[in-house]
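Student: okay, sequence plus prediction incoming.
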Amino acid sequence: MDKQQLIIRIKKKKSFLCIGLDPDLSRIPVPLHLDTHENTVVQFSKNIIAATSDLCVAYKLNMAFFEALGPKGWLVVEKILQEISKDQFTIADAKRGDIGNSSKMYARAFFENLGFDAVTISPYMGYDSVEPFLKFPAKWVILLALTSNPGSEDLQLRKLENGNLLYEEVIILSQKWNMSEKLMYVVGATHPNELKKIRSLIPGSFILIPGIGAQGGDLRKVISAACTSEIGLLINVSRGILYGTESPENYFKAVRERAKVYQTIMQQFIP
């Protein structure tokens, strides 16, 4: 899916909501559990997709929750991807980052074999570790820039000798890379003040923003800080949509209602 196709879908659906599929077995209500962990995760994810597909433009699969299932986890990912409509943008939240040969194999795994549209990448091994992902046509690389976890201060907010913070240097440098037009960036919603500066550094790039909901990010502040005429945002919500205390018979109706709250706010910013 290229940039214009993504923008068209955002404007058609009046939404730039990305729903994170983080199927945590410990949080899925016991009455919704099936005979195996794998079947539980598949059915739970299918029900989430069925309840929300018209309200979002993207799904982000957190690979850790699937890899934790062992070898069957990859089969679970395939089954879930089959349930996602082709007009949805799909993200493998894998946070890979390795030397060129290894990155080439990771790129094949996520883009060729699984068919994701995008994958999250740690940029700290440099351009040659990212380049294999960028070579795939109509695929996207989402670089970790400024994340929403407290530990982001340990490295990402360190000031360099040239006066830039480390995350700023990553963004500036990556914009000089070949095929940089295929880059998106992860910026946590818990950094609303930095978002305005980041947007000035990448006025034409999409930003994937986690941290709304359970991590305390404010949706309206984030949109006001970083939305463009092309929208340029994918707002990810995972736990804030997936998990609640409703009874099993009303569970996925409540999931839809939580997703609808976010979509209703987003449509106010889409012309």
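Tutor: Perfect, thanks for sending it.

Student: ranges for the strands of this structure?
Tutor: 17-21, 58-62, 89-96, 118-121, 140-146, 183-187, 207-209, 233-237 (DSSP state E).

Student: now those as TSV including distance to Met1 and mean pLDDT?
Tutor: C-beta here means a position set from N, CA and C on the backbone, and glycine is covered the same way. Listed next are the strands of the chain as TSV, based on distance: least, CB to CB, whole Å; pLDDT from 0 to 100:
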stretch	distance to Met1	mean pLDDT
strand 17-21	13	98
strand 58-62	10	98
strand 89-96	6	97
strand 118-121	9	98
strand 140-146	8	97
strand 183-187	12	97
strand 207-209	14	97
strand 233-237	12	97
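
Student: now these in a markdown table, with mean neighbour count?
Tutor: Below are these laid out as a markdown table (neighbours: other CB atoms under 10 Å):
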| stretch | mean neighbour count |
| --- | --- |
| strand 17-21 | 25 |
| strand 58-62 | 25 |
| strand 89-96 | 22 |
| strand 118-121 | 25 |
| strand 140-146 | 24 |
| strand 183-187 | 24 |
| strand 207-209 | 26 |
| strand 233-237 | 27 |
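
Student: columns distance to Glu169 on top of those, output as TSV?
Tutor: Formatted as TSV, the strands of the chain follow (distance: least, CB to CB, whole Å):
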stretch	distance to Glu169
strand 17-21	26
strand 58-62	26
strand 89-96	19
strand 118-121	16
strand 140-146	10
strand 183-187	13
strand 207-209	17
strand 233-237	23
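
Student: could you check how far the closest residue to Met63 other than its chain neighbours is from Leu114?
Tutor: Once flanking residues are discounted, Met63 sits nearest to Ala94: 4.5 Å by CB to CB, 6 or more residues apart in numbering. Computed as CB to CB, to the nearest Å, the Ala94 to Leu114 distance reads 10 Å.

Student: before we move on, what about Gln5?
Tutor: 19 Å.

Student: if you count what's nearby, which of the two comes out ahead?
Tutor: Ranked by neighbour count (other CB atoms under 10 Å), Gln5 and Leu114 place Leu114 first, with 17 against 13.

Student: which residues touch that one?
Tutor: Neighbour list for Leu114: 77-78, 81, 92 [criterion: CB atoms under 8 Å, 6 or more residues apart in numbering].

Student: filter those residues to the buried ones?
Tutor: Buried members of those, counted by 16 or more other CB atoms under 10 Å: 77, 81, 92.

Student: I figured the last one was touching Asn113, is that so?
Tutor: No. Contact status for Ala92 versus Asn113: not in contact, 10.9 Å apart, counting by CB atoms under 8 Å.

Student: report how many residues lie close to Lys3.
Tutor: Look at Lys3: counted by other CB under 10 Å, it has 17 neighbours.

Student: that one and Leu183 touch, don't they?
Tutor: No. Distance between Lys3 and Leu183: 11.0 Å, which falls outside the contact criterion (CB under 8 Å).

Student: how about the spatially most distant residue from the centre of the chain, phi and psi?
Tutor: Distance to the chain centre peaks in the chain at Glu161, reaching 31.8 Å (criterion: CA atoms, centre = their mean). Note on Glu161: its backbone torsions stand at phi -60, psi -30 [degrees, to the nearest 10].
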